[in-house]
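Colleague: mind looking at a prediction? Sequence and model below.
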Amino acid sequence: MTMKKLALIVAVGTLAGCGLAPSTGMPTSNLSVSTVSAQSTQGLEAGWTSIHKAIFNKIDVNHDGYIDEYEAGPYISLSDFQKADVNHDDRLDFNEFMMYATQGGFLQGNDTESSFVSRLRSQLGSIFNDLDTNHDGWLSSSELSSQALTREGLAFYYPNLHISLKLTSVTPAEFKAADHLGTGMLSQAEWEDLYVQMVCDAINPPAPTPAPVPTPAPSAAPSK
């Protein structure tokens, strides 16, 4: 089985940043970047920030809007933490985290938003074509089965922040949120949004929906 995992950063033959780690010989999408860009809804540009925001929120255990040295421990080396802490207040806000991540820090490479979008779009386009088994240009929920995603090796990796995720299922809520056109199927642009949402949800699983409060049974009428 050929594993097709996307990578945000690919150095010469090595994975240096985050994403769906590359496999050799990955086919090129037959959808043009200009066509997909015109279709884009949320867009991978927003996804670039959304993924980093999800990672930041995961590391920020006490949810105070900052990452301190203790929270950083399992994910960020002390050396990286000190370099990212530009105002030297012993904590990272999201701007410091994002600036360091995207300027050759955690990614270990001078990747840019535009190069990320171009590369990820091509790789997601290739996987879209594989998943689109009836070749109609859309993905149905049945084409996004756990078996199909596992076969593709859909995953997300960010080695320098110690994040490794396998994306093996699409929830009904994720599919519905990505279906911007309301067709019950996903275009490639909607598939891109779905991938970003799957990554963010895997990093920070949404809280379960509370069970409905049972309606109290009517009290019995007093006997006469």
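Modeller: All right, it came through fine.
Colleague: neighbours of the nearest residue to residue 74 once chain neighbours are set aside, how many?
Modeller: Excluding the flanking residues, the one nearest residue 74 by C-beta to C-beta, 6 or more residues apart in numbering is residue 162, at 6.5 Å. C-beta coordinates here come from the backbone N, C-alpha and C atoms, glycine included. Look at residue 162: counted by other C-beta atoms under 10 Å, it has 10 neighbours.
Colleague: swap in residue 199?
Modeller: For residue 199, using other C-beta under 10 Å, the count is 26.
Colleague: all helices of this structure, in order?
Modeller: In the chain, the helices defined using DSSP state H lie at 33-39, 43-59, 69-72, 78-84, 94-102, 113-131, 146-152, 172-178, 188-203.
Colleague: quick revisit: state the pLDDT value of the residue nearest to residue 74.
Modeller: Turning to residue 162, the model gives it a pLDDT of 89.
Colleague: what's the answer for residue 212, then?
Modeller: Residue 212 is given a pLDDT of 73.
Colleague: can you start the count at 9 instead of 1 from here on
Modeller: Let's use 9 as the start, then, which means that last one is residue 220.
Colleague: what's the local residue count around residue 213?
Modeller: Residues near residue 213, counting by other C-beta under 10 Å: 9.
Colleague: which ones are touching it?
Modeller: Residues near residue 213 by C-beta atoms under 8 Å, 6 or more residues apart in numbering: none.
Colleague: that one and residue 175, how far apart?
Modeller: To residue 175, residue 213 is 12 Å away according to C-beta to C-beta, to the nearest Å.
Colleague: what sits against the residue nearest the centre of the chain?
Modeller: Geometric centre of the chain, nearest residue: residue 207, 2.6 Å, by C-alpha atoms, centre = their mean. Residue 207 is in contact with 59, 62, 164, 173, 175, counting by C-beta under 8 Å, 6+ apart.
Colleague: which among those gets closest to residue 70?
Modeller: residue 62 (16.6 Å; C-beta to C-beta).
Colleague: ok, that closest one touching residue 206?
Modeller: No - judged on C-beta atoms under 8 Å, residue 62 makes no contact with residue 206 at a distance of 10.9 Å.
Colleague: more neighbours: which of the two?
Modeller: residue 206 (23 against 19).
Colleague: need phi/psi at the residue nearest to that one when sequence neighbours are not counted.
Modeller: Nearest non-adjacent residue to residue 206, counting by C-beta to C-beta, 6+ apart: residue 175, 5.0 Å away. Note on residue 175: backbone dihedrals following degrees, to the nearest 10 are phi -110, psi 100.
Colleague: now residue 175: how far from residue 125?
Modeller: In terms of C-beta to C-beta, residue 175 sits 19 Å off from residue 125.
Colleague: and the two? Which one has more around it.
Modeller: Shown here are residue 175 and residue 125; by other C-beta under 10 Å, residue 175 has more neighbours (22 against 19).
Colleague: distance check, that one against residue 209.
Modeller: 9 Å.
Colleague: then residue 79?
Modeller: Counting by C-beta to C-beta - residue 79 and residue 209 are separated by 21 Å.
Colleague: ditto for residue 197
Modeller: 19 Å.
Colleague: which one of those two is surrounded by more residues?
Modeller: residue 197 (25 against 18).
Colleague: list the contacts for the closest residue to residue 139 other than its chain neighbours?
Modeller: Distances taken as C-beta to C-beta, 6+ apart place residue 151 nearest to residue 139, at 5.2 Å, with adjacent residues excluded. Residue 151 makes contacts with 139-142, as judged by C-beta under 8 Å, 6+ apart.
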